[in-house]
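Peer 1: build me a model:
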Amino acid sequence: LGTLLLVSQQCDLTGWWENELGSKMRVDAVDSQGNFTGEYHTAVSSTQKPIEPSPLLGSQHLDEDGQCTFGFTVNWKFSDSTAVFAGQCFAGDGGEEVLQTIWLLREKVDSLPSDWKATRTGHNVFTRM
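Peer 2: Numbers count the residues shown, from 1 in each chain. Presented below is the predicted three-dimensional model:
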């Protein structure tokens with residue numbers, strides 16, 4: 001029973017996470033439905049404006065095997081863009097948690113003919129801080 005309890009806690013997204021680029025995010029408490037809020041502190045940006053922490057809103061599956069899937073949206077406060085992340089939590093052999101994510105970043109463009117350059121995609125790996 002203790003092992004099952006430990007495994008289920010490994011999928012708890014609550015807390016601080018950092019990715020390979022130095023970006024950090026804080027996930028506040030996950031509610032009983034799997035919903036959560038938090039704040040994203042990006043270390044990278046293509047805008048010339050000062051970077052500001054930005055709100056995130058997400059949801060996760062409440063799986064008992066410690067390897068839940070999740071998704072969240074970041075509404076960038078310092079630019080006219082929005083990012084969506086989708087990922088899965090994995091527990092390593094030593095118990096360390098890893099969040100494997102993919103993301104889409106949509107930047108505002110001035111016209112429909114510019115739509116082709118409005119979306120970027122990428123991959124980030126987060127570890128608990």
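
Peer 1: tell me the helices and strands packed up against the helix or strand hosting residue 124.
Peer 2: For residue 124, the host element (DSSP states H and E) is strand 119-128. Packed against strand 119-128 by the contact rule (3 or more C-beta pairs under 8 Å, 6 or more residues apart in numbering; DSSP states H and E) you find strand 15-19, strand 97-107. For the C-beta atoms, the positions are set from N, CA and C on the backbone; glycine is no exception.

Peer 1: again, only this time at 10 Å
Peer 2: Secondary-structure packing of strand 119-128 (3 or more C-beta pairs under 10 Å, 6 or more residues apart in numbering; DSSP states H and E): strand 15-19, strand 24-27, strand 81-91, strand 97-107.

Peer 1: tell me the buried residues in the helix or strand containing residue 55?
Peer 2: Assigned by DSSP H and E, residue 55 belongs to strand 54-60. Neighbour-count burial for strand 54-60 flags 54, 56, 58, 59, 60 (criterion: 16 or more other C-beta atoms under 10 Å).

Peer 1: repeat that for stretch 103-119.
Peer 2: For stretch 103-119, by 16+ other C-beta under 10 Å, it's 103, 105, 107.

Peer 1: who's the last one bridged to?
Peer 2: Listed by DSSP bridges, the beta-bridge partners for residue 107 are residue 81.

Peer 1: which one of the buried residues of strand 54-60 is nearest residue 38?
Peer 2: The closest of the buried residues of strand 54-60 to residue 38 turns out to be residue 56 (C-beta to C-beta; 4.7 Å).

Peer 1: my guess is the closest one contacts residue 35, does it?
Peer 2: No - the criterion here is C-beta atoms under 10 Å, and residue 56 misses it with residue 35 at 11.6 Å.
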